[in-house]
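>>> just coords:
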């Protein structure tokens, strides 16, 4: 079956430091990878969408300078939260899809706490 | 632009009662629609999805949803809820691309 792994599952970082999280697709080729953030008590905001053979597209309020993303192959993606502050805390989900009209498979998320 | 609205932030039902969680979407074309569930401090799990065909789709754990193009809705239903169904439910839309848009979520509390 299609699975998406994310690690670490939980992480704590000091304010102003950076934290890298990873996403691994197993059982399918991740043609696209989307990174979402769920801030406390809120819904999922799309940070950016990375599609094979296209530039990574960031949503409004999110930038490459703050959330650099790497999508080097069809099974792996990583995102770094640079200079993390309190407002960056939350659950970061990776969603991977094998095709444009296919279901998006989600990982369990990386929960970021910023001290 | 595409959007998803879940008008009920919280819903409380008694165990064994029926359930409907509402979802309205905005998109001019034919959307791909999903319902996800998030249990406390966990990620997302897919309950069901609609791509085309029969407007009533069956999902896991006795959930079903009905797509209505005329009403731009995709309401989730369950005939008899269990206490373990307490969670946050998200309706989501994918509109002919890779982007998925989520609703704000509905927190379901099943009381004994």
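All right, it came through fine. Computed from a predicted structure; not experimentally measured.

>>> pretty sure residue B:86 contacts residue B:110?
Yes: shown here, residue B:86 and residue B:110 form a contact pair, counting by C-beta atoms under 8 Å, at 4.8 Å. (C-beta placed from N, C-alpha, C; glycine too.)

>>> Could you pull up the mean pLDDT of stretch B:17-32?
Mean per-residue pLDDT for stretch B:17-32: 92.

>>> do that stretch and chain A meet at all?
Yes: using C-beta under 8 Å from any C-beta of the partner chain, stretch B:17-32 comes into contact with chain A via residue B:32.

>>> Now do that stretch: distance to the chain's middle.
7 Å (C-alpha atoms, centre = their mean, to the nearest Å).

>>> what's the closest non-adjacent residue to the most centrally placed residue in chain A?
The centroid of chain A falls nearest to residue A:35 when counting by C-alpha atoms, centre = their mean (3.2 Å). Using C-beta to C-beta, 6 or more residues apart in numbering or on different chains and skipping residues adjacent in sequence, the residue nearest residue A:35 is residue A:47, 4.4 Å away.

>>> what helix or strand is that neighbour on?
Element membership of residue A:47 [criterion: DSSP states H and E] is strand A:44-51.

>>> and if you look at residue B:42?
With DSSP H and E as the test, residue B:42 turns up in no helix or strand.

>>> Paired strands for the worst-scoring helix or strand of chain A on mean pLDDT, with orientation please.
Lowest by mean pLDDT, DSSP states H and E among the helices and strands of chain A is strand A:105-106, with a mean of 89. Strand pairing for strand A:105-106, using DSSP bridges, gives strand A:90-97 (antiparallel).

>>> what's in contact with the strand it pairs with?
A:4, A:6, A:21, A:23, A:25, A:28, A:30-40, A:42, A:44, A:47, A:77, A:79, A:81, A:103-107, A:109-112, B:43-44, B:98, B:100 (C-beta atoms under 8 Å, 6 or more residues apart in numbering or on different chains).

>>> hmm, 7 Å instead?
For strand A:90-97, the surrounding residues in contact (C-beta atoms under 7 Å, 6 or more residues apart in numbering or on different chains) are A:4, A:6, A:21, A:23, A:25, A:30-40, A:44, A:77, A:104-107, A:109-112, B:43-44, B:98, B:100.

>>> returning to what we had before: now do the residue nearest to residue A:35 against residue A:79, distance only.
7 Å (C-beta to C-beta, to the nearest Å).

>>> Overlap of the contact sets of these two?
Common neighbours of residue A:47 and residue A:79, counting by C-beta under 7 Å, 6+ apart, are A:35, A:67.

>>> For chain B, give me the ranges with low pLDDT.
Scanning chain B for pLDDT under 70 picks out the ranges B:96-97.

>>> Repeat the analysis, applying 90 as the threshold.
B:1-2, B:27-31, B:40-45, B:51-52, B:94-101, B:112 (pLDDT under 90).

>>> that older thread, residues making contact with the least confident helix or strand of chain A?
A:2, A:4, A:93, A:95-96, B:43-44.

>>> Up against chain A, what does chain B have?
Contact residues (C-beta under 7 Å from any C-beta of the partner chain) of chain B with chain A: B:32, B:42-44, B:46, B:49, B:90, B:97-100, B:102-105.
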